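[1] with the sequence up front, the predicted model follows.
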2 protein chains.
Amino acid sequence: MNQTAPSPAFRREEPDARRLSLIEACARVLARSGAAGASVRAIAQEAGASVGLVGHYFGGVDALVSATYDHVDRQVAQALDKAVATAGDDPRARLEAFVTASFAPPIADPALLATWIAFWSLVTARKDIARQHDEQYAGYRARLEGLLGDCGVATTARRRHAIAVTALVDGLWLELCLSPGCFTAQEARDIARDFLALITSSDR
Amino acid sequence: MNQTAPSPAFRREEPDARRLSLIEACARVLARSGAAGASVRAIAQEAGASVGLVGHYFGGVDALVSATYDHVDRQVAQALDKAVATAGDDPRARLEAFVTASFAPPIADPALLATWIAFWSLVTARKDIARQHDEQYAGYRARLEGLLGDCGVATTARRRHAIAVTALVDGLWLELCLSPGCFTAQEARDIARDFLALITSSDR
DNA sequence: TTGCTTGTTGAACAATCGTACAACAACGGG
DNA sequence: CCCGTTGTTGTACGATTGTTCAACAAGCAA
């Protein structure tokens, strides 16, 4: 026969690996085309898989989007943790690292914001996404309150300052990614740092 | 005949009035169902009109969404102008009014945020929406820089502070609408006011 | 090799999408 | 009163959506 190696029509993947590749493909599509473009077919093609696999592993496209939210959030949390760990032991340096990490890769990425906005756009219509958002936001703020406490911010002021810092960082991150030409990441870092200086000096 | 009044099957509306009712219906649908749910049929039903009218007045659903963005943005600008005008002549009071108006109706409305997020979700995919966003954001910041200048903030610091205040307000507004149970509008106002106090006292 | 498990495929389905357009009718000018 | 203008309707169309599922085959065990 002149028949060469049969060259398998597809590969069997480890369930977790396949799940991950679908999630990552979903994140890429979400970033590129927004929530409206995140169709089963677009995601499957991006992942190099068939449409049926989404149903097989996640039951539906909604659950895949939800799982992607979870995954992306975990990635952000890891990036922030790493930034804090790299900062050393000084409480103030750790707080600054946590805050300014939002203005550097991989967090200050228009693609990540697009993914995030896609999630926000689902909060109104879907209870499970709203719950996920509440948990993620509460977790971020709790983490920040801890770092503020380590810097000597009074217990009574922590909650308020954590809300303020979170808002400032969110707002800067939002505009930095949405209109990248308006101000630089360095400016965002400086603004955030100055704000932290005001907070940690006046309330200890 | 026992036939009563013919009771017209529909009413002829003034072109502008019809356009407006479609825009307002689009905003309501955007707020309720997100960008994904803003279909021609959903909008037409919300407006009590037929699907054909959207094509007739706007040429397509994309142009209607764009027009809605414009309209909602203008409404917000009007609300902010009104708040400033009501505040009187004291520059500081005017600045505070401008900033804290974002945490009261009609701006601090989950429905308005949902509409806004729907627009953000289109920035990635559509150039015209991105341009609209840049213009709107630049306008807001220019207005804020003017009010800061009236309060004696140095020229060199205006740009930076305007960026910071905009980010803080955006972030507070975002979370206030997205997770209404987390903190109150009063807390948001207090945080913003304190920040303005820090800015206007240290840099004059 | 043979057989079994199960990850994978892609066609089929009904529902919904945006757009186009021919037919209808409300309203004002004659 | 009638007639033309034009705002309005709703169906029809092809494209695309999410989901289902019978058939297929990759890889492992025996």
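    Cool, the structure landed.
[2] other SSEs contacting the longest helix seen in chain A?
    Looking across chain A with DSSP state H, the single longest helix is helix A:61-86. Judged by 3 or more CB pairs under 8 Å, 6 or more residues apart in numbering or on different chains; DSSP states H and E, helix A:61-86 is in contact with helix A:15-33, helix A:40-47, helix A:51-58, helix A:91-100, helix A:110-123, helix A:127-150. Where you see a C-beta, it was placed from the backbone N, CA and C, and this is true even at glycine.
[3] could you identify which of those is most buried?
    helix A:110-123 (a mean of 22; mean count of other CB atoms under 10 Å in any protein chain shown).
[4] spell out which parts of chain A neighbour DNA strand D.
    Within chain A, the residues that sit near DNA strand D (CB under 7 Å from any atom of the strand) are A:6, A:8-12, A:37-42, A:51-52, A:54-56, A:59-62.
[5] near DNA strand C, list only the ones from those.
    Among the residues of chain A next to DNA strand D, DNA strand C is touched by A:9-12, A:51-52, A:55-56 when using CB under 7 Å from any atom of the strand.
[6] flag the shaky bits of chain A, pLDDT-wise.
    Within chain A, the segments meeting pLDDT under 70 span A:1-8, A:202-204.
[7] for the closest residue to DNA strand C within it, give its distance to A:A63.
    Chain A approaches DNA strand C most closely through A:G52 (2.3 Å), counting by CB to the nearest atom of the strand. Going from A:G52 to A:A63 by CB to CB, to the nearest Å gives 15 Å.
[8] circling back: mind checking which of the helices and strands packed on helix A:61-86 is nearest B:A47?
    Nearest to B:A47 among the helices and strands packed on helix A:61-86 is helix A:110-123 (21.8 Å), distances taken as CB to CB.
[9] near DNA strand C, anything from that closest one?
    No: Helix A:110-123 lies apart from DNA strand C when judged by CB under 7 Å from any atom of the strand; the minimum separation is 14.9 Å.
[10] any part of that helix near chain B?
    Yes: residues of helix A:110-123 contacting chain B under CB under 8 Å from any CB of the partner chain: A:110, A:114, A:117-118, A:120-123.
[11] so which residues on chain A come close to DNA strand C?
    A:9-13, A:15, A:18, A:49-53, A:55-56.
[12] I'd like those as TSV, with distance to chain B appended.
    What follows is these, written out as TSV (distance: CB to the nearest CB, whole Å):
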residue	distance to chain B
A:A9	34
A:F10	31
A:R11	32
A:R12	34
A:E13	30
A:P15	29
A:R18	26
A:A49	23
A:S50	24
A:V51	19
A:G52	23
A:L53	23
A:G55	19
A:H56	24
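[13] A:V165: which of the residues you listed is nearest?
    A:R18 (39.1 Å).
[14] dump the residue contacts of the closest one.
    By CB atoms under 8 Å, 6 or more residues apart in numbering or on different chains, A:R18 lies in contact with A:49, A:53, A:57.
[15] now with 7 Å?
    By CB atoms under 7 Å, 6 or more residues apart in numbering or on different chains, the residues touching A:R18 are A:53, A:57.
[16] ramachandran angles for A:S179?
    phi -130, psi 80 (degrees, to the nearest 10).
[17] that one contacts B:E135, doesn't it?
    No: the criterion here is CB atoms under 7 Å, and A:S179 misses it with B:E135 at 10.1 Å.
[18] A:A35: neighbour count?
    For A:A35, the count of nearby residues is 25 (other CB atoms under 10 Å in any protein chain shown).
[19] how many residues are close by the closest residue to A:V76 other than its chain neighbours?
    Leaving aside its sequence neighbours, A:V76 sits nearest to A:I107 (CB to CB, 6 or more residues apart in numbering or on different chains; 6.0 Å). Per other CB under 10 Å, the neighbour tally for A:I107 reads 18.
[20] ok, now how distant is A:I107 from DNA strand D?
    Going from A:I107 to DNA strand D by CB to the nearest atom of the strand, to the nearest Å gives 27 Å.
[21] again with A:A101
    33 Å.
[22] same question for A:R94.
    Taken as CB to the nearest atom of the strand, the span from A:R94 to DNA strand D is 42 Å.
[23] residues contacting that residue?
    With CB under 7 Å, 6+ apart, A:R94 has these contacts: A:84, A:87, A:147, A:150.
[24] so who does the first one touch?
    Under the criterion of CB under 7 Å, 6+ apart, the contact partners of A:V84 comprise A:94, A:97-98.
[25] from these, pick the one nearest B:S201.
    For these, the residue nearest B:S201 by CB to CB is A:F98; the value is 27.5 Å.
[26] not counting sequence-adjacent ones, nearest residue to the closest one?
    In space, A:F98 is closest to A:V84, 5.1 Å off (CB to CB, 6+ apart).
[27] swap in A:L95?
    Closest to A:L95 by CB to CB, 6+ apart is A:L147, at 4.5 Å.
[28] cool, A:S33 as well?
    B:A125 (5.8 Å).
[29] how far off centre is stretch A:137-145?
    Relative to its chain's centre, stretch A:137-145 lies at 14 Å (CA atoms, centre = their mean, to the nearest Å).
[30] let's see that stretch as PDB, backbone CA atoms only.
    Provided in PDB are the C-alpha atoms of stretch A:137-145 (Å, rounded to 0.1, in the frame of the first residue of the first chain):
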ATOM      1  CA  TYR A 137     -15.100  41.900  45.100                       C
ATOM      2  CA  ALA A 138     -15.400  41.100  48.800                       C
ATOM      3  CA  GLY A 139     -12.300  38.900  48.600                       C
ATOM      4  CA  TYR A 140     -10.300  41.700  47.000                       C
ATOM      5  CA  ARG A 141     -11.300  44.200  49.500                       C
ATOM      6  CA  ALA A 142     -10.700  41.900  52.400                       C
ATOM      7  CA  ARG A 143      -7.200  41.300  51.100                       C
ATOM      8  CA  LEU A 144      -6.600  45.100  50.900                       C
ATOM      9  CA  GLU A 145      -8.000  45.700  54.400                       C
END
